[in-house]
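S.K.: need coordinates for the following:
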Amino acid sequence: MPGLARRYPHVLNQLSAVWGDLPVAAELIDDLLVDRRGGRRGFPADVLAELLTVRRVAVKRMVGQPRKPPKAAGPG
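M.R.: Here you go, the predicted structure:
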């Protein structure tokens with residue numbers, strides 16, 4: 001992931017921090033790829049390809065793993 005590491009080290013750090021929870025990692029990548037605030041230019045093609053590859057790896061690793069129960073809603 002040379003493009004991601006060189007141009008967006010903070011994104012790589014975020015992914016590294018959540019990689020132990022693969023559904024969260026895949027969700028983080030999804031959130032990075034969808035512009036919900038408007039006006040974003042998106043990632044360069046090489047970085048986009050790296051993010052999509054990492055997402056595919058996360059999804060492949062999730063297949064066959066038991067699902068975690070949903071987190072209980074907090075009070076309020």
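S.K.: show me where the chain has helices.
M.R.: 2-7, 9-18, 22-33, 45-62 (DSSP state H).
S.K.: nearest to residue 39, of the ones you listed?
M.R.: Closest to residue 39 of the helices of the chain, according to C-beta to C-beta: helix 22-33, at 15.0 Å. (C-beta placed from N, C-alpha, C; glycine too.)
S.K.: show me what that closest one is packed up against.
M.R.: helix 9-18, helix 45-62 (3 or more C-beta pairs under 8 Å, 6 or more residues apart in numbering; DSSP states H and E).
S.K.: so what's the residue nearest the centre of the chain up against?
M.R.: Geometric centre of the chain, nearest residue: residue 29, 2.5 Å, by C-alpha atoms, centre = their mean. Listed by C-beta atoms under 8 Å, 6 or more residues apart in numbering, the contact set of residue 29 reads 15, 51-52, 54-55, 58.
S.K.: check residue 47 too.
M.R.: 3-4, 7-8.
S.K.: do that again at 6 Å, thanks
M.R.: Counting by C-beta atoms under 6 Å, 6 or more residues apart in numbering, residue 47 makes contact with 3-4.
S.K.: kindly report the same for residue 41.
M.R.: Counting by C-beta under 6 Å, 6+ apart, residue 41 has no contacts.
S.K.: low pLDDT regions in the chain?
M.R.: 64-76 (pLDDT under 70).
S.K.: switch to 80 and redo it
M.R.: Within the chain, the ranges that satisfy pLDDT under 80 run 1, 35-40, 64-76.
S.K.: how far away is the residue nearest to the centre of the chain from residue 40?
M.R.: 15 Å (C-beta to C-beta, to the nearest Å).
S.K.: same check on residue 50?
M.R.: 17 Å.
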